[in-house]
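Colleague: could you work out the structure for the sequence below:
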Amino acid sequence: MLDAVVVVPVYNHPATIGAVAAQVRAHGLPCILVDDGSDAGCAAVLDALAAQHPQDIALVRLPVNQGKGAAMVAGFREAARRGHTHVLQVDADGQHDCADIPKFLAQARAHPQAVVAGCPIWDDSVPKGRLYGRYATHVWVWINTLSFDIRDSMCGFRLYPLASLLPLLDAVRIGRRMDFDSDVIVRLHWRGVPVRNQPTRVTYPQDGISHFRMLGDNVRISAMHAKLFLGMLVRAPLLLWRKVAAP
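Modeller: Modelled structure (predicted):
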């Protein structure tokens, strides 16, 4: 039986997190907000949300900023502690269309062992540099999985089965910052976890706050791809055999 919870990593998004939490609650889902070392103003907003909706919203607080990946890992652990089977990851900046949540849940009910990965349908608000830059990561992910199974590895709107995810987190240190999304889905694919690609609309709010650091995060992501490439070389015979043996 599917028992899903939404995990939202939050780092200084006081203006948008209330609306995101309300949209999640409108779909009848509980929500775990992970405060990734936000400043006092945002922390107060999160405290108020948890106090106003104690049945629907739980708050996990990291004492210092550790990065999106670290915040998600803390959320996964809390979701497992609470007995949930699946985690739906949603960003705190309002770029994801929570109206698509039922589509992700329907995919998970039909394919409970799969990762349901959001595939962005962009509007005109997306910065062209960010859009084109993503394709470099797409190509590396296709190389590092020897497949086109993962259409977009960077979208932060996705649903994970905890039964497959937790053993991976126990065995491997996944990227803790903006390298998390691509790192974790490639490693799940290596382990044979199926991926279901779900188209979803994505908007870049004009007044939105992005914590992507062009230099630091691009260096971190490049290092991740290099590490995954070496891992792919070791696993290449198994990955190729899967393609041959697939029905």
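Colleague: once you drop chain neighbours, what's closest to residue 229?
Modeller: In this structure, residue 229 finds its nearest non-sequential neighbour in residue 144, 5.7 Å apart by CB to CB, 6 or more residues apart in numbering. In short, each C-beta sits where N, CA and C put it, glycine included.
Colleague: cool, and residue 55?
Modeller: Closest residue to residue 55 in three dimensions, ignoring its sequence neighbours and counting by CB to CB, 6+ apart: residue 30, at 8.0 Å.
Colleague: so residue 23 belongs to a helix, correct?
Modeller: Yes. According to DSSP: H, G, I helix; E, B strand; the rest coil, residue 23 belongs to a helix.
Colleague: how much space between the residue sitting nearest the centre point of the chain and residue 172?
Modeller: Central residue of the chain (CA atoms, centre = their mean): residue 156, 3.8 Å from the mean position. Residue 156 sits 20 Å away from residue 172, going by CB to CB, to the nearest Å.
Colleague: what's the answer for residue 225, then?
Modeller: 16 Å.
Colleague: out of those two, which sits in the busier spot?
Modeller: Neighbours per residue (other CB atoms under 10 Å) separate residue 225 from residue 172, with residue 225 holding more: 20 against 13.
Colleague: how about the more buried one, what does it touch?
Modeller: Counting by CB atoms under 8 Å, 6 or more residues apart in numbering, residue 225 touches 137, 140, 144, 182.
Colleague: so who does the third one touch?
Modeller: Shown in contact with residue 144 (CB under 8 Å, 6+ apart): 186, 225, 228, 229, 231, 232.
Colleague: helix, strand or coil for it?
Modeller: Here residue 144 is recorded as helix under three-state DSSP.
Colleague: pLDDT score assigned to it?
Modeller: Per-residue pLDDT puts residue 144 at 95.
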